[in-house]
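*Asks:* Okay, here's the prediction I keep looking at, along with the sequence it came from:
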Amino acid sequence: MRNPNHFLAGLALAAALAAPARAQDSLVLDAAPPPAPVAPLPVAAPAPVVRGDQLHFNGDQTIAAGQTVDGDVVLLNGDLTVAGTVRGDVTVARGDLVLERGAVIDGDAVVAGGRLVDRGARILGEMRVEDGSRAAALRGGPAAHARSQRSWFAPIGQGIAGIIQTLALGLVLAGIGVAMIFYGMPHLTRVTDTIRGETGRAAAVGVAAGVLSFPLFIVGIVLLCVTIIGIPLLLVYLPLFWLALSGAGLLGVVAVAHALGERTAEQRGGYDGRNSYNYLLTGLVVLLAPKLIGHLVGMTPFLGWIGDLIGFFAGLMLLVAGAVGMGAVLLVGARMWEERRYRKRMGWSGAGMDDLGTGGAHAL
Amino acid sequence: MRRRVVAAAALLCAAAAPAHAQWRTVTSARQLQGERQANVQVDYGAGGLTVRPAAAGLLYRMQLRYDEERTRPLSSWDARTGVLRLGVQATHRNQNTRRGGNAVVELARGVPMDLKLAFGAGDASLDLGGLSLRSLQLSTGASATELRVSTPNPVLAGTVALESGAARLHASGLGNLGAERITLEGGVGSSTLEFDGAWRRNAAVNVEMGMGAVTLRFPRDVGVRVTKDTFLTRFHSADLVKRGDAWYSRNWSAARTRVTVDVSAALGSVSVEWMDPRA
């Protein structure tokens, strides 16, 4: 039993055969009841010193007064009473460990799923009581645990949940996109054009915005605090900052989807510059399809890792889309601001002109 | 070999634990083996924390309910260096610790110790009366912390350092510590320090506050001298008389025990109040 691998195997075997867990979890020190009479040792050798580790399961055990175990003692599924000496650790899984007055444990006394009752023993190491659920997990042994961790149904459930989440995300993005097309088509067109024409620049701006967002957030807080009168504005600033950033990211993803849809239509030769809803839908499918495929593949029993891999790259793609889109939104926003300033400086009223100078006529 | 046995059992237990959020309970204790000193560090993220003296014969006892998915219990004792670490440790970085856990930590009464308590969010109730504290360092985040030193410290404490983030800190019985220096670093929040107890020597108190309110309460028999360096901070000094750059209590010259307070504050309020002896 000196080989730890043999010990682990024995422990797993014993755990597999073990009975249901107990509910009591406590460390009782100097318990009131008088020491129970020590029963004769049922399995240990009658010699006063037992050399080597002791492994027992399914049954109560006792190390009598005067007896010494020169090694570790492990009992699975039963109560262990120690009145003698153990020159090692004592571990009891799903059972009580009772340490009588005069007992000596040179190492740790560990109980999983039971009670540790110390009636005046000397324990040189740690006394530790784990709750029963850990021991209950031992009931079926490692094999059962592996089954519970990766059962046939677990990946299916996870996959369905992932698909629902992805579809929900798609619906939210579609809703935002439809609203954008309906109410802010000129802006969406500008962002889409920026994404298609200045992809690298938009990505760089998006990444920079992502990296600098937190420092900017802190700087904003400090500035508001320094001005003192700005302190009440913190209540608005704190949520609004992140809301604006998230909004820019979501609008950016929608714009990326729109741009992808346009690009796909051009490649198919079906681009007519009018059906933005179609482009949006196509783009969202292109963006979210890998995520859905990843979840679907992950539901199969042996291809879970491929699904995880696809899911990872799909997530990465969404992240890049978010960065590019947010960058484009920020670029367009900055340019619109500049344009307004320019018009104001030049004294243009801009009546009848929208930001694109097209007079508000946009093709859907 | 015994380490291997425990490691094997622990490995099996750990492997058997489900991956979902799981609340676990564990109780850990260790008997006294003639320890002469201890360097105790308690780290606890979020939840309820109680610290109090342990029963006779124990170095420590810790009862813990923790989220196994995100944290793991911490109980290590190095007999050679006398370092005792208790609490929980995050298993993943960048994960918020869920509330719902709690820890009751009991520490040996008769072992002189340097105690370091780091507490994140939640409620903490710390009764350090009866512990032999050579030094105390308390660091709280966004929490409500109640610190009591209900009985005199058997040994004299050197430095007592209290750090309070966005928290509410109420400390009482600080006179029982016998501390030479008490410091409070307050971030955003309110702190109340009550200096009642059995004073055995003069002490210096340093208060550094960012944005918040600090209330200092002294027994009437203690002489108090306050100097301050504040900006946009209201200073309430009941019954203190200003002489030069400092405020003095009326009994300053005659007091057996004197406490000098140095306050640095940016924004908020600092109050000095008097408390009658407890019945």
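*Replies:* Sure thing, it's come through.
*Asks:* number of nearby residues for residue 54?
*Replies:* Chain wasn't specified; assuming chain A. Residues contacting A:Q54 under the criterion other Cβ atoms under 10 Å in any protein chain shown number 22. Bear in mind the C-beta positions are built from the backbone N, C-alpha and C, glycine included.
*Asks:* try again with chain B
*Replies:* Residues lying near B:A54 (other Cβ under 10 Å) number 23.
*Asks:* List the contacts of it.
*Replies:* If a contact means Cβ atoms under 8 Å, 6 or more residues apart in numbering or on different chains, then B:A54 has B:Y60, B:R61, B:E106, B:L107, B:A108, B:R109 as its contacts.
*Asks:* Kindly reformat these as CSV containing secondary structure, distance to chain A and neighbour count.
*Replies:* Formatted as CSV, the contacts of B:A54 follow (DSSP: H, G, I helix; E, B strand; the rest coil; distance: Cβ to the nearest Cβ, whole Å; neighbours: other Cβ atoms under 10 Å in any protein chain shown):
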residue, secondary structure, distance to chain A, neighbour count
B:Y60, strand, 10, 23
B:R61, strand, 7, 23
B:E106, strand, 11, 20
B:L107, strand, 15, 26
B:A108, coil, 14, 26
B:R109, coil, 15, 18
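*Asks:* just those now: which is nearest A:T227?
*Replies:* B:L107 (46.6 Å; Cβ to Cβ).
*Asks:* which of the contacts of B:A54 sit farthest apart?
*Replies:* B:R61 and B:R109 (12.0 Å).
*Asks:* Output the longest helix belonging to chain A.
*Replies:* Counting residues, the longest helix found in chain A (DSSP state H) is helix A:153-197.
*Asks:* Confidence-wise, which of the contacts of B:A54 comes last?
*Replies:* Lowest pLDDT within these is found at B:R109 (91).
*Asks:* Tell me the confidence at B:A144?
*Replies:* The predicted local distance difference test score for B:A144 is 88.
*Asks:* Kindly export stretch A:286-301 (C-alpha atoms) in CSV.
*Replies:* What follows is stretch A:286-301 as a C-alpha-only set of coordinates in CSV (Å, rounded to 0.1, in the frame of the first residue of the first chain):
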residue,chain,number,x,y,z
VAL,A,286,-22.9,35.4,-41.5
LEU,A,287,-21.8,36.8,-38.2
LEU,A,288,-23.7,34.4,-36.0
ALA,A,289,-23.7,31.2,-38.1
PRO,A,290,-20.3,30.1,-36.8
LYS,A,291,-21.4,30.5,-33.3
LEU,A,292,-24.5,28.4,-34.0
ILE,A,293,-22.4,25.8,-35.8
GLY,A,294,-20.1,25.7,-32.8
HIS,A,295,-22.9,24.9,-30.5
LEU,A,296,-24.4,22.3,-32.8
VAL,A,297,-21.1,20.5,-33.2
GLY,A,298,-20.5,20.8,-29.5
MET,A,299,-23.6,18.8,-28.9
THR,A,300,-22.2,15.7,-30.6
PRO,A,301,-20.6,13.3,-28.2
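*Asks:* low-scoring pLDDT stretches of the chain, where are they?
*Replies:* Let's take chain A. For chain A, the stretches flagged by pLDDT under 70 are A:1-26, A:29-47, A:132-154, A:270-274, A:301-302, A:348-364.
*Asks:* think we crossed wires, I meant chain B
*Replies:* Using pLDDT under 70, chain B drops low at B:1-21, B:92-99, B:277-279.
*Asks:* switch the cut-off to 80
*Replies:* Applying pLDDT under 80 to chain B flags the ranges B:1-22, B:91-100, B:142-143, B:166-167, B:187-188, B:231-233, B:238, B:266-267, B:276-279.
*Asks:* mind checking how far stretch A:89-103 is from the chain centre?
*Replies:* Here the centre of mass of C-alpha atoms in stretch A:89-103, compared against the chain's by Cα atoms, centre = their mean, to the nearest Å, lies 37 Å away.
*Asks:* Please see if that stretch touches chain B.
*Replies:* Yes - applying Cβ under 8 Å from any Cβ of the partner chain, one finds stretch A:89-103 in contact with chain B at A:D89, A:T91, A:A93.
*Asks:* Show me what the helix or strand immediately after the longest helix of chain A in the chain is packed up against.
*Replies:* Later in the chain than helix A:153-197, the nearest helix or strand by DSSP states H and E is helix A:199-226. If you count contacts as 3 or more Cβ pairs under 8 Å, 6 or more residues apart in numbering or on different chains; DSSP states H and E, helix A:199-226 packs onto helix A:234-268, helix A:304-346.
*Asks:* any idea which of these is most buried?
*Replies:* Sort the helices and strands packed on helix A:199-226 by mean neighbour count, taking mean count of other Cβ atoms under 10 Å in any protein chain shown, and helix A:234-268 sits at the top with a mean of 18.
*Asks:* Would you tell me whether that helix gets close to chain B?
*Replies:* No - using Cβ under 8 Å from any Cβ, helix A:234-268 stays clear of chain B, coming no nearer than 11.1 Å.
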